[in-house]
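Engineer: coords please:
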Amino acid sequence: MLSASISLQRQQATEKLLCWLMPWFLLIDCINGALLQLSGSSYGLSAAYKLTLLLLMAYSTWLRQPKYLLALLLALLLMLAGPALHWPQLPLRWMLADMQLALKVLSPLLALLYLVGLAQNSAPLAKRLLLHTVWLSAVVLLLNTLAGAAGLGFSAYQPLEGVAQTFLGIKGFFYSTNELSAVLLVISCACLVLSWPQHKVNYVLISCCALLLAVLMLTKTGVFGVALQVIFIPLLMQDAAFWQRQRRVLLIAAALLLAVLMLLLLHGQYLLQLLGIYDKLNFVYQQRGLSGILLSSRDYYASRIWQTAADNYPDWQRLAGLGQGAIALQLKKYFAELDWFDLLIFHGLAGLLSAALVFAAFIRHSWQQRNYGAGRSVLLLNLLLVLVSSLAGHVLTSGMLWLPWAMCNALLWQQAVGKERANERYT
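Structural biologist: Modelled structure (predicted):
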């Protein structure tokens, strides 16, 4: 009895500490980038913060569901088995890099397990956590963009030699533009779901801000992902009766949307010149063709990495995983930035299966909530992230995305009951 009471007290203390720490995740990453730019070192701020979160989540999961934590630890060991064969011949930093990447892949699952448990045991606390995290993160994104527009922080891209580019994009103090655009997708989804349908004016304002941020980042992930969410989330939030009542209106809206898309295609060159990226895209098209534009030459780098691995390592080592250092010895650019490919190269079949498991768990969880508008919206988000991970990377290999992604999947649907009732009043 005493042991159970002590365990419960520890669980509650861990939850309170985590719920205080988690809302600051994006601000910590922003400060981390600012320190990196201003002093040349981040002093491990973001890494220490995220490691603390992971350890606290692991401890809480151990108290509630130890078998799941053991399964995650087994997956981690399997992912590191292949790279560990190369560690004795490499500097220590490559061992740390492999461990860090493996943790990034499994972190979303751990966070999802913890947050689902939190929602089941402390629903009011989970609701406050979601609201505080989403709106604080949205403010950080806006302020970071304003700082970038004022000339602070990093540009989104480096200029290509011999290519005129009037605008290189804005990412402020964040280190990776692609990771930031994926985070924007998640935060935008949460803000849009929370604002519809009671606050339709807010929905329009949030949509405009999200699209503007995506355009300023100059990433295909951000622009197309946010645009799809802005268009489809109001539809996904409706009940079945709405679709029957508004069928004609929806057909007219679909026709208008198709017309707008045709106009965008017809005037695509002008719009790209307006954004200052036409010359860059034209240069890439001449060098690599259409796949170079769609994949940003990731297919080219993937083929080089694959050939290098095949030339230098036997099949069984490639199936077990080579680790980052083994490829970095041969190539300067050792990441193809395609999640499935990078995980196969670095962590072998265990890495590829772990990636599949993460996406399967998230899609399954959102599918189970498909009766709610928020659940359907999160399902759309998850499918978008699968596409982004496959074509542009920086989803499972991101150190920024795992927490907000898990939070949206675990907690956003809790808002669904109130939203569905409000939707009946507003439609």
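
Engineer: ok, and what's touching stretch 108-116?
Structural biologist: For stretch 108-116, the external contacting residues (Cβ atoms under 8 Å, 6 or more residues apart in numbering) are 18, 54, 57-58, 60-61, 65, 68-69, 72, 126, 357-358, 361-362, 365, 396, 401-403, 405-407, 409-411. (Glycine included, C-beta is placed from N, CA and C.)

Engineer: Quick check: mean pLDDT of it?
Structural biologist: For stretch 108-116, mean pLDDT is 95.

Engineer: same deal with stretch 213-220?
Structural biologist: On average, stretch 213-220 scores 87.

Engineer: Need the CA coordinates for that stretch. PDB is fine.
Structural biologist: Extracted in PDB, the C-alpha atoms of stretch 213-220 (Å, rounded to 0.1, in the frame of the first residue of the first chain):
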ATOM      1  CA  LEU A 213       5.300  32.100 -42.700                       C
ATOM      2  CA  ALA A 214       5.400  29.200 -45.100                       C
ATOM      3  CA  VAL A 215       6.100  31.500 -48.100                       C
ATOM      4  CA  LEU A 216       8.800  33.300 -46.200                       C
ATOM      5  CA  MET A 217      10.500  30.000 -45.500                       C
ATOM      6  CA  LEU A 218      10.500  29.100 -49.200                       C
ATOM      7  CA  THR A 219       9.900  25.400 -48.600                       C
ATOM      8  CA  LYS A 220       7.500  23.300 -50.700                       C
END
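
Engineer: quick revisit: any of the contacts of stretch 108-116 buried? List them.
Structural biologist: Neighbour-count burial (16 or more other Cβ atoms under 10 Å) applied to the contacts of stretch 108-116 gives 18, 54, 57-58, 60-61, 68-69, 72, 126, 357-358, 361-362, 365, 396, 401-403, 405-407, 409-411.

Engineer: out of those residues, which are inside helices?
Structural biologist: 18, 54, 57-58, 60-61, 68-69, 72, 126, 357-358, 361-362, 365, 402-403, 405-407, 409-411 (DSSP state H).

Engineer: how about low-confidence regions in this structure?
Structural biologist: 1-7, 157-168, 240, 243-244, 250, 264-294, 415-427 (pLDDT under 70).

Engineer: all strands for it, in order.
Structural biologist: Per DSSP state E, the chain carries strands over the ranges 154-155, 170-172.

Engineer: looking at those, which is buried most?
Structural biologist: strand 170-172 (a mean of 26; mean count of other Cβ atoms under 10 Å).

Engineer: quick one: strands adjacent to that one?
Structural biologist: strand 154-155 (antiparallel) (DSSP bridges).

Engineer: how much space between residue 172 and residue 31?
Structural biologist: 11 Å (Cβ to Cβ, to the nearest Å).

Engineer: same check, this time on residue 222
Structural biologist: Per Cβ to Cβ, residue 222 is found 22 Å from residue 31.

Engineer: the more surrounded of these two?
Structural biologist: A direct count of neighbours by other Cβ atoms under 10 Å for residue 222 and residue 31 places residue 222 higher, at 28 against 17.

Engineer: Pretty sure the more buried one sits against residue 183.
Structural biologist: No - with contact defined as Cβ atoms under 8 Å, residue 222 does not count as touching residue 183 (9.6 Å).

Engineer: Quick check: neighbours shared by the two?
Structural biologist: In contact with both residue 222 and residue 183: no residue, using Cβ under 8 Å, 6+ apart.

Engineer: How many residues are close by residue 225?
Structural biologist: By other Cβ under 10 Å, the residues close to residue 225 number 27.

Engineer: which non-adjacent residue is nearest it?
Structural biologist: residue 185 (4.6 Å; Cβ to Cβ, 6 or more residues apart in numbering).

Engineer: Check residue 368 too.
Structural biologist: Spatial nearest neighbour of residue 368, excluding adjacent residues (Cβ to Cβ, 6+ apart): residue 375 at 7.5 Å.

Engineer: List the contacts of the one you found.
Structural biologist: Residue 375 neighbours (Cβ under 8 Å, 6+ apart): 366, 367, 368, 369, 413, 416.

Engineer: Hmm, the second one is touching residue 380, no?
Structural biologist: No - proximity of residue 367 to residue 380 does not meet the contact threshold set by Cβ under 8 Å, at 11.5 Å.

Engineer: which of those two has more neighbours?
Structural biologist: The residue with more neighbours, out of residue 367 and residue 380, is residue 380; 19 against 13, by other Cβ under 10 Å.

Engineer: mind checking how far that one is from residue 186?
Structural biologist: The gap separating residue 380 from residue 186 is 12 Å, by Cβ to Cβ.

Engineer: what does residue 111 give?
Structural biologist: 12 Å.

Engineer: which residues do these two both contact?
Structural biologist: Contacts common to residue 111 and residue 186, judged by Cβ under 8 Å, 6+ apart, are residue 405.

Engineer: When these two are compared, which one has more neighbours?
Structural biologist: residue 186 (27 against 23).

Engineer: my guess is that one contacts residue 405, does it?
Structural biologist: Yes - the pair residue 186 / residue 405 is scored as a contact, 5.3 Å apart, by Cβ under 8 Å.

Engineer: intersection of neighbour lists for the two?
Structural biologist: The contact lists of residue 186 and residue 405 share residue 385, where a contact means Cβ under 8 Å, 6+ apart.

Engineer: mind listing the helices for the stretch 201-350 of the chain?
Structural biologist: 220-236, 240-245, 247-266, 268-275, 278-288, 290-294, 298-312, 315-320, 323-328, 339-368 (DSSP state H, counting those that start in this stretch).

Engineer: Can you tell me which of the ones you listed is nearest to residue 384?
Structural biologist: helix 220-236 (5.2 Å; Cβ to Cβ).

Engineer: Buried residues, the closest one. List them.
Structural biologist: Buried-residue list, helix 220-236, by 16+ other Cβ under 10 Å: 220, 221, 222, 223, 225, 226, 229, 230, 233, 234, 235, 236.

Engineer: now stretch 198-205
Structural biologist: So, applying 16+ other Cβ under 10 Å, buried residues of stretch 198-205: residue 203.

Engineer: now that stretch, how far from the centre of its chain.
Structural biologist: Relative to the chain's own centre, stretch 198-205 is displaced by 24 Å; criterion: Cα atoms, centre = their mean, to the nearest Å.
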